[in-house]
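Asks: I would like to see how this sequence folds:
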Amino acid sequence: MRPECTEGEGAGGGGLLVPMAWMYAEYIADELLRTGDLMPPTTLEYRAGRDALALTIFLSDGSVGGPRVVARMEEWRSLTAYGTCWREWVCARLDRLEALDFESDAGDRDPDLALAGAAWRWLEETELLAPDLDCVAPSGADPLTAGEAEGPQVWTPAWQLGLPLGHLAIHLF
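Replies: Modelled structure (predicted):
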């Protein structure tokens, strides 16, 4: 995925490569999350949702632009659905794109891919404290009415919080 725009003289002018594909994917993800109004944009959970959604958009096949965004929503919804192998899909796609980028004779590394890789590393390496959804509630307690502070919490990779958040944002759009 080469950038759409370069600064300088021609393709080989040694100018700055602009990561247009990643920036556009991040913009779409941000708009979906803001429209859903699920949480303040200043939270780490919001960032996790934006990065997970941006990775999904960036790594899905085909270009994204204009009216095509709405047409691609069903694909993104299915990619982010619960029970899918999203993590494995992301790793496989990134590995394939990095191998293609490495094999290219361009010399410069793809800035879109660099930003996508950085987002993925953050999602993998960052852990956020979240309610333990796999925990069995004590007998007699209603897990839907219990306060967040009362329930057990666990540290979980950011992508595990961001993925369902992105999926919900797509549904709410």
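
Asks: With adjacent residues omitted, what lies nearest to the residue nearest the centre of the chain?
Replies: Centroid check for the chain by Cα atoms, centre = their mean gives Ala52 as the closest residue, at 1.8 Å. Distance criterion Cβ to Cβ, 6 or more residues apart in numbering; nearest residue to Ala52, sequence neighbours excluded, is Gly162 at 3.5 Å. C-betas here are computed from N, CA, C, even on glycine.

Asks: What about that neighbour, how many residues nearby?
Replies: Neighbour count of Gly162, defined by other Cβ atoms under 10 Å: 31.

Asks: about what we covered before: mind exporting the host helix or strand of the residue nearest to the centre of the chain as CSV, just the C-alpha atoms?
Replies: Using DSSP states H and E, Ala52 maps to helix 44-59. Listed next in CSV are the C-alpha coordinates belonging to helix 44-59 (Å, rounded to 0.1, in the frame of the first residue of the first chain):
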residue,chain,number,x,y,z
LEU,A,44,-7.5,5.0,26.5
GLU,A,45,-10.6,2.9,25.7
TYR,A,46,-11.6,5.2,22.9
ARG,A,47,-8.0,5.1,21.5
ALA,A,48,-8.2,1.3,21.6
GLY,A,49,-11.5,1.3,19.7
ARG,A,50,-10.2,3.8,17.2
ASP,A,51,-7.0,1.9,16.6
ALA,A,52,-8.7,-1.5,16.3
LEU,A,53,-11.3,-0.1,13.9
ALA,A,54,-8.6,1.8,11.9
LEU,A,55,-6.6,-1.5,11.6
THR,A,56,-9.7,-3.3,10.4
ILE,A,57,-10.4,-0.6,7.8
PHE,A,58,-6.8,-0.3,6.6
LEU,A,59,-6.1,-4.1,6.4
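
Asks: Give me the buried positions along that helix.
Replies: Judged by neighbour count using 16 or more other Cβ atoms under 10 Å, the buried positions of helix 44-59 are 45-59.

Asks: Am I right that Asn116 falls within a helix?
Replies: In this structure residue 116 is Ala, not Asn. Yes - looking at Ala116 with DSSP: H, G, I helix; E, B strand; the rest coil, it is inside a helix.

Asks: burial measure for it, as a count.
Replies: Ala116: 27 surrounding residues under other Cβ under 10 Å.

Asks: Wait, it touches Thr56, no?
Replies: No - judged on Cβ atoms under 8 Å, Ala116 makes no contact with Thr56 at a distance of 10.7 Å.

Asks: And for the residue lying closest to Trp86 once chain neighbours are set aside, the neighbour number?
Replies: Once flanking residues are discounted, Trp86 sits nearest to Leu163: 5.8 Å by Cβ to Cβ, 6+ apart. By other Cβ under 10 Å, 27 other residues sit near Leu163.
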